[in-house]
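>>> Provided below for reference: sequence and predicted model.
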Amino acid sequence: MLQELSHMDRITQLQEEIQRLLTIMSSTITYLTARSTFLQIRNPDKYDAPELFEANMHELVQDLIHWNNKTQDANEEYIQAVDRAKNLHRKISEFLRTMLDNADGPVESIR
């Protein structure tokens, strides 16, 4: 039960990381739209200087790369957990099959 909760916690963590990534992406789009020097901007004082804009874009890209790497790591952990669960399911199925096949005889241990 505790192991199952741990896996659910990992799924929750993955969901939270995806939500953070989406928030960063949304903020990036909002920033790029609001702070670029598009002709549609009514107030020319509202946009950042080109150097600051480039630095902020670089920082946003680095954040996206960082969160992408964290998400990939979490995804790999999830895949490993699913593989462990499948392996455990296979072992339990084999054990139960052996028990049913040898209902009258001794049961062998499966490892």
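Received the coordinates, thanks.

>>> quick one: low-confidence parts of this structure?
Where the chain drops to pLDDT under 70, the residues are 1-8, 36-46, 104-111.

>>> Against which helices or strands is the longest helix along it packed?
Scanning the chain for the helix with the most residues, using DSSP state H, yields helix 50-101. When contacts are defined as 3 or more Cβ pairs under 8 Å, 6 or more residues apart in numbering; DSSP states H and E, helix 50-101 sits against helix 2-35. No exception for glycine: its C-beta is placed from N, CA and C like everyone else's.

>>> now the angle between helix 50-101 and the helix it packs on, please.
Interaxial angle of helix 2-35 relative to helix 50-101 (axes from the mean of the first three to the mean of the last three Cα atoms, to 10 degrees): 160 degrees.

>>> Pull up the gap between Ala81 and Ala49, please.
The gap separating Ala81 from Ala49 is 48 Å, by Cβ to Cβ, to the nearest Å.

>>> Give me the more crowded residue out of those two.
For Ala81 and Ala49, the more surrounded residue by other Cβ atoms under 10 Å is Ala81, and the numbers stand at 15 against 10.

>>> how close does that one get to Gln13?
Distance of Ala81 to Gln13, given as Cβ to Cβ: 12 Å.

>>> Repeat that for Arg90.
27 Å.

>>> Could you check which of those two has the larger neighbour count?
In this view Arg90 and Gln13 are compared by other Cβ under 10 Å, and Gln13 has more residues nearby, 14 against 10.

>>> Fine by me, we can end here.
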